[in-house]
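S.K.: I'd like to go over a predicted model; first the sequence, then the structure.
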Amino acid sequence: MSNNKGIPARAENYSEWYNELVKKADLAEHSAVKGCMVIKPYGYAIWEKMQAQLDKIFKDTGHSNAYFPLFVPKSFLEKEEGHAEGFAKECAVVTHYRLKADPNEKGKLIADPDSRLDEELIVRPTSEAVIWNTYRNWIQSYRDLPLLINQWANVVRWEMRTRLFLRTTEFLWQEGHTAHATKAEAIEETERMLHVYAEFAEKHLAVPVIRGIKTENEKFAGAETTYCIEALMQNGWALQAGTSHFLGQNFAKAFDVRFTTREGTQDLVWGTSWGVSTRLMGALIMAHSDDEGLVLPPGLAPIQVVIVPIYRSEEELARVTAQALEIKAELQKAGISVRYDDRDTLRPGFKFAEWELKGVPVRLALGPKDLDNGTIEVARRDLKTKEVLPLATVAQHVPTLLAAIHDQIYTKALTYRDSHITPVNSYDEFKQVLETKGGFIAAHWDGDFATADRIKDETKATIRCIPLGNPAELGTCMVTGRPSQQRVLFARAY
RNA sequence: CGGGGUGUAGCGCAGCCCGGUUAGCGUACCUGGUUUGGGACCAGGUGGUCGCAGGUUCGAAUCCUGCCACCCCGACCA
């Protein structure tokens, strides 16, 4: 069953619903380059809002932005063993720096064999290597610490399978890289940024997340500990929405980054790194949107309020426009972004449908009847309800309404999430819940990665995390029957 | 890398099996008019190297060979 906006229903084909929504809502499209997307203006506007809001939080927590090279010499990547192993399989490699006309085929270009690089350059899959190599020069004394740097950048990971926003070959992100004098301080920073991400997800994206720690085999290549936030999508699949890594002294060792302590001794620096990416766009889309289109939290909506004029004649249009512009100005004064949709080739119904598809939180419709009655129609995207309100109250009402919309979509997502954390005590029950209900499943696991692999092979579910503050609970592994100290969260995941 | 699919107007597609006027439909776009409180209608019009290369043929979007690209499913994925 298809709706009138040309998007399949979620229940019918979730994956296709997502793809079509991304395209129809004008967020992004596939590019001519395999695995790479074009982020269109409307989608990019949302990303810019995320960036701006996150960037402010980073700065408020003491971080500064900097920029490091796109290319990483191969030898840098080799230095931290775990890191190298983890990323080797998905790196784009630059081998030449020049093209020339193909002597065998007119009009074609080939890499000039004379321009082969002595050392190959890797297009960064992440920047630890190049940054820690730089930090060696920046850090001499405990007085240089902590060093709190963030970078907004693009990275490339040559994944075999891509999906718009969720996993693309090239993606945009921010990566924080900090250096500290003590282990405790570095862990504190790792946890601080995890909480920054969690609050950002909940307060800005309106997406509830579980804060947790990755198991050893799921952690970042090169990290001691990986913290993560895990969100739940409407199809019952989990999505890792952000990670914060405690790097220990691994990169300091690999790049020989030492500092002189207050006591005059030499010590290796402790590190962290943390990142969120355009994947958050995917989380945002999948967490809230419905079969009619996008549903955006007001704080991230490029257009928060759209005003649609209703009129029959030029004269009516003039009257409606005068009133609409007054409302627009009033709302803008309150910091709300407003679009007055006076496109004259489209009828109101078309505009209603289009703005719903694009997830504009509040729609105001203003026509001659309203002018006569001193009213205005106010429609909210999240609940698809509308009411007619006195014109005089609308400017006061809208900010309250926007806040209510945020709360509503957050609460809805939270209710869904909370009702989809299911404890199970047997493997059969586990499989059954996975098939019928999805979501997070809290189960006992023996701590053996062979067991986790077996579960993954048999059910496609992986351990998402061990939640922070997870209660100790003695039990037995649902698969092997061996003893377990606590439940961990499993789910199928993007 | 395996399996499947697609490539024809900006977008979405038909035509291909079974070769034959000027390559069609929807939508979008342009012009004029009527419309406008939930995706308007009428009339006229613009827009095409049919993915690329070669072959068969009097004649190729259609048949043959080769190649390329992208998408979907899987494997893979801090």
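M.R.: Nice, thanks for sending it over. Residues are numbered from 1 along each chain as shown, chains lettered A, B, ... in the order given.

S.K.: what residues does the stretch 201-350 of chain A put near RNA strand B?
M.R.: The stretch 201-350 of chain A comes close to RNA strand B at residues A:214, A:218-221, A:223, A:226, A:240, A:243, A:277, A:310-313, A:344-350, as judged by C-beta under 7 Å from any atom of the strand. To be clear about C-beta, it is placed using only N, CA and C from the backbone, and glycine gets the same treatment.

S.K.: mind checking the SS state of whatever residue of the stretch 1-150 of chain A ends up closest to RNA strand B?
M.R.: The nearest approach of the stretch 1-150 of chain A to RNA strand B comes at A:Lys34, 2.7 Å away (C-beta to the nearest atom of the strand). Put simply, A:Lys34 is coil when judged by DSSP: H, G, I helix; E, B strand; the rest coil.

S.K.: for it, give me its contacts.
M.R.: Contacts for A:Lys34 (C-beta atoms under 8 Å, 6 or more residues apart in numbering) come out as A:162, A:169.

S.K.: for A:Leu172, give its distance to RNA strand B.
M.R.: 11 Å (C-beta to the nearest atom of the strand, to the nearest Å).

S.K.: next helix or strand past the helix or strand containing that residue?
M.R.: Per DSSP states H and E: A:Leu172 is located in strand A:170-180. Of the helices and strands lying after strand A:170-180 in sequence (DSSP H and E), the nearest is helix A:183-203.

S.K.: that next one to strand A:170-180, inter-axis angle?
M.R.: 140 degrees (axes from the mean of the first three to the mean of the last three C-alpha atoms, to 10 degrees).

S.K.: buried residues, helix A:183-203. List them.
M.R.: A:185-187, A:189-194, A:196-198, A:200-202 (16 or more other C-beta atoms under 10 Å).

S.K.: quickly run through the sheet partners of the next helix or strand after that helix, with directions.
M.R.: Sequence order places strand A:209-213 as the next helix or strand after helix A:183-203, per DSSP H and E. Applying DSSP bridges to the sheet, strand A:209-213 is found paired with strand A:225-232 (antiparallel), strand A:462-467 (antiparallel).

S.K.: who's in contact with the last one?
M.R.: Spelled out, it's strand A:462-467. A:210-215, A:218, A:228, A:230, A:238, A:240, A:440, A:445, A:452, A:455-456, A:486, A:488-493.

S.K.: let's go with 10 Å and repeat that
M.R.: A:210-215, A:217-218, A:226-232, A:238-240, A:421, A:440-443, A:445, A:449, A:451-453, A:455-456, A:486-493 (C-beta atoms under 10 Å, 6 or more residues apart in numbering).

S.K.: show me the contacts for A:Val207.
M.R.: Applying C-beta under 10 Å, 6+ apart, we find A:Val207 in contact with A:198, A:200-201, A:229, A:231-233, A:239, A:241, A:280, A:283-284, A:286-288, A:297, A:409-410, A:413-414, A:417.

S.K.: restricted to strands, list the residues you listed.
M.R.: A:229, A:231-232, A:239, A:241 (DSSP state E).

S.K.: who's in contact with A:Glu473?
M.R.: By C-beta under 10 Å, 6+ apart, the contact list for A:Glu473 reads A:423, A:442, A:444, A:484-487.

S.K.: what about 8 Å?
M.R.: So A:Glu473 contacts A:444, A:485-487 (C-beta under 8 Å, 6+ apart).

S.K.: for it, what are phi and psi?
M.R.: Main-chain dihedrals, A:Glu473, degrees, to the nearest 10: phi -150, psi 120.

S.K.: distance of it relative to A:Cys228?
M.R.: 21 Å (C-beta to C-beta, to the nearest Å).

S.K.: same thing with A:Met281?
M.R.: 18 Å.

S.K.: equivalent analysis for A:Arg161, please.
M.R.: Applying C-beta to C-beta to A:Arg161 and A:Cys228 gives a distance of 21 Å.

S.K.: okay, now whichever residue of the stretch 201-350 of chain A sits closest to RNA strand B: neighbour count?
M.R.: Nearest residue of the stretch 201-350 of chain A to RNA strand B: A:Gly349, at 2.5 Å (C-beta to the nearest atom of the strand). Neighbour count for A:Gly349, taken as other C-beta atoms under 10 Å: 9.

S.K.: list the residues that contact it.
M.R.: No contacts exist for A:Gly349 under C-beta under 8 Å, 6+ apart.
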